[in-house]
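# What follows is a predicted protein model with its sequence.
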Amino acid sequence: MQLVRGLHNLRPQHRGCVATIGNFDGVHRGHQAILARLRERAAELGVPSCVVLFEPQPREYFDPKGAPARLSRLRDKLALLAAEGVDRVLCLAFNPRLRELSAAEFVQRVLLDGLEVRHLEVGDDFRFGCDRAGDFAFLAEAARREGFTVEAAKTVEIDAERVSSTRVRQALASGDFVLAERMLGRPFRIVGRVLHGQKLGRQLNAPTANVQLKRKRAPLTGVYLVSAEIDGRPWPGVANIGVRPSVAGDGSAHLEVHLLDFAGDLYGRRLTVAFHHKLRDEQRFASLEALKTAIAADIAAARAHWHGQPLK
Ligand SMILES: Cc1cc2nc3c(=O)[nH]c(=O)nc-3n(C[C@H](O)[C@H](O)[C@H](O)COP(=O)(O)O)c2cc1C
Ligand SMILES: Nc1ncnc2c1ncn2[C@@H]1O[C@H](COP(=O)(O)OP(=O)(O)OP(=O)(O)O)[C@@H](O)[C@H]1O
């Protein structure tokens, strides 16, 4: 999969494609359905498929503090899109210039001049352009005029409700991993590099891999049953994701993973952590001794859970 950053990096050979536009945070079942249809149309027309996305996501641009935590960082999103067979991603910086483009200018500059789009696939609720003034009807009119096709993807629902990134975040926040996994089509995963921590874990009888969370916020907090991919195979464990109120922290979120009976060195490696079940909320303990007892109980619960269970 090819990544093109910014309209100015589009070349004549990038013209002529089928495209879709959106945030694609988490690449959930709704997104996957759009991407499947995009693959079909690309094959029919004999052109590559292209996903147009924004970085930062528009809500992060408008409200950096209030925007919801990401399900996937750009790097994870690109890996997920590549796995869905996307040929190209056009990543546009969401900045003052882009936000001021009217719907008509967006169509002209991005879809026509930039990509020379032959087919566009979007969700029926898709809106774009300055003040979200562009909608499906607007695109349909532009398509008729300019000679490309546009199609509204059928809404993907689970339990009679539309699948969306927002709903996946809600499921994670409420600890409903069964629903989150059904909406994502896979367990929720966080990928990050293992950094050196405060080395307190050993004293707590729970050495942990400290997984870097680049963004300060994560879409979930608490203590979870997890599995981490070690040399391509899932290894069972337990993890805390939060600000660690019992130990003096810097206020930012950490992901600490204790893998059951694991002795290897993980520093510097990228670890993929899959979340399966919430054990409890993160707590402030009065002493390290109390924290140690709680972690021992978490580990015992993890052992009991994983005993004989197939891992994903
Ligand atoms: C299973 C598990 C549960 C945890 N629960 C809590 C908790 O409830 N409250 C808290 O402040 N820290 C909790 N922690 C985080 C520990 O405080 C943290 O792992 C410890 O400080 C080790 O950090 P270090 O690797 O930076 O040395 C938990 C860690 C693990 C592995
Ligand atoms: N469940 C769904 N079924 C069909 N299409 C969808 C579904 N969810 C999103 N889409 C479409 O996928 C494209 C990208 O969607 P986008 O990631 O911007 O929205 P979303 O998943 O609904 O996220 P949010 O919850 O933040 O609104 C858009 O065209 C959107 O309409």
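In hand now; what should we look at? Numbers count the residues shown, from 1 in each chain. Ligands and ions are numbered 1, 2, ... in the order given.

# Pull the number of nearby residues for the closest residue to ligand 1 within the chain.
For the chain, the nearest residue to ligand 1 under the criterion C-beta to the nearest ligand atom is Gly197, separated by 2.5 Å. For every residue, glycine as well, the C-beta is placed using N, CA and C. Burial measure for Gly197: 17 neighbouring residues, criterion other C-beta atoms under 10 Å.

# Could you give the bridge partners of the closest residue to it other than its chain neighbours?
Spatial nearest neighbour of Gly197, chain neighbours left out: Asn210 (3.7 Å); criterion: C-beta to C-beta, 6 or more residues apart in numbering. Beta-bridge partners for Asn210, by DSSP bridges, are Leu195, Glu256.

# Just want the phi and psi numbers for Val247.
Main-chain dihedrals, Val247, degrees, to the nearest 10: phi -120, psi 150.

# measure the residue of the stretch 1-150 of the chain found nearest ligand 2 to Thr272 for me?
As assessed by C-beta to the nearest ligand atom, ligand 2 sits closest to Gly123 within the stretch 1-150 of the chain, at 1.7 Å. To Thr272, Gly123 is 28 Å away according to C-beta to C-beta, to the nearest Å.

# more neighbours, these two?
Neighbour count, other C-beta under 10 Å: between Gly123 and Thr272, Gly123 has more, with 21 against 16.

# Can you show me the helices along the stretch 151-300 of the chain?
165-173, 177-184, 288-306 (DSSP state H, counting those that start in this stretch).

# Run the chain-centre distance for the longest one.
Put plainly, it is helix 288-306. Centre-to-centre, helix 288-306 and its host chain are 29 Å apart (C-alpha atoms, centre = their mean, to the nearest Å).

# which parts of it are buried?
Buried residues in helix 288-306, counting neighbours by 16 or more other C-beta atoms under 10 Å, are found at 291, 294-295, 298-299, 301-302, 306.

# Need the phi and psi values for the closest residue to Gly242 other than its chain neighbours.
Once flanking residues are discounted, Gly242 sits nearest to Glu282: 3.8 Å by C-beta to C-beta, 6+ apart. According to degrees, to the nearest 10, the main-chain angles of Glu282 amount to phi -70, psi 140.

# do you know how far Glu282 is from Leu271?
Separation of Glu282 from Leu271 (C-beta to C-beta): 20 Å.

# who's more crowded, these two?
Using other C-beta under 10 Å as the criterion, Glu282 and Leu271 rank with Leu271 on top: 21 against 17.

# who touches Val168 in this structure?
The neighbourhood of Val168, defined by C-beta atoms under 8 Å, 6 or more residues apart in numbering, consists of 26, 28, 71, 180, 183-184, 188, 219.

# and these as a markdown table, adding distance to ligand 1 and neighbour count?
Listed next are those as a markdown table, based on distance: C-beta to the nearest ligand atom, whole Å; neighbours: other C-beta atoms under 10 Å:
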| residue | distance to ligand 1 | neighbour count |
| --- | --- | --- |
| Gly26 | 25 | 27 |
| His28 | 28 | 25 |
| Leu71 | 22 | 27 |
| Ala180 | 20 | 26 |
| Met183 | 26 | 27 |
| Leu184 | 23 | 25 |
| Phe188 | 18 | 24 |
| Pro219 | 18 | 24 |
